[in-house]
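Participant: sequence first, then the predicted structure, then my questions.
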Amino acid sequence: MRVAIGRVTCALAALLLAAPALAQFGHPLKGTWSGEWGPTKDNRTHVVLELNWDGKAITGNINPGPKAVAIKKAELNPDTWGVHIEGGGKDASGAAVHYVVDGKLENIGAYQRVLSGTWTEGTKKGDFRVVRN
């Protein structure tokens, strides 16, 4: 009888330890994403998105650091996994630059999700691809 109880206890303990691994990774956009964007395949710029979820809104920065661009608007459409992000920053001369990022989430069930689509930075437009780190 003790052997059977010991096996059940071990099996239950294994399930309880595995449960957090099976849990979701939180909001689909939350985290730091890195990759690149550019108007052509040869003209690329490294980019980092820092995205947070406070339970109501998606917030964060484009290229966090001293010259970070604050995200002013971010939306996720869970029906299509479409993402829309807008922010405002300044270029090297101090002129205002509007950012618009439209993409689609892929690999939703994986930790290293992918977000890719169209990136607009001022008058420059191109494609982008970032992966959650």
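Facilitator: Noted; the coordinates are in hand. Quick caveat: nothing in here was measured; it's all calculated off a predicted structure. Numbering: from 1, shown residues only.

Participant: helix or strand for the residue nearest in space to the middle of the chain, which one?
Facilitator: In the chain, the C-alpha nearest the mean C-alpha coordinate belongs to residue 29, at 3.9 Å (CA atoms, centre = their mean). Using DSSP states H and E, residue 29 sits in no helix or strand.

Participant: same question for residue 43.
Facilitator: Going by DSSP H and E, residue 43 is not in any helix or strand.

Participant: what's the pLDDT at the closest residue to it other than its chain neighbours?
Facilitator: In space, not counting the residues next to it along the chain, residue 43 is nearest to residue 126; the distance is 7.8 Å by CB to CB, 6 or more residues apart in numbering. Yep, even glycine has a C-beta here, placed from its N, CA and C like the rest. On the pLDDT scale, residue 126 is placed at 98.

Participant: wait, doesn't residue 113 sit right on residue 132?
Facilitator: Yes. With contact defined as CB atoms under 8 Å, residue 113 reaches residue 132; the gap is 4.8 Å.

Participant: these two: who's more crowded?
Facilitator: Counted by other CB atoms under 10 Å, residue 113 and residue 132 do not tie: residue 132 has more neighbours, with 22 against 19.

Participant: those helices in this structure, which residues are they?
Facilitator: Under the criterion DSSP state H, the chain carries helices at the ranges 2-22.
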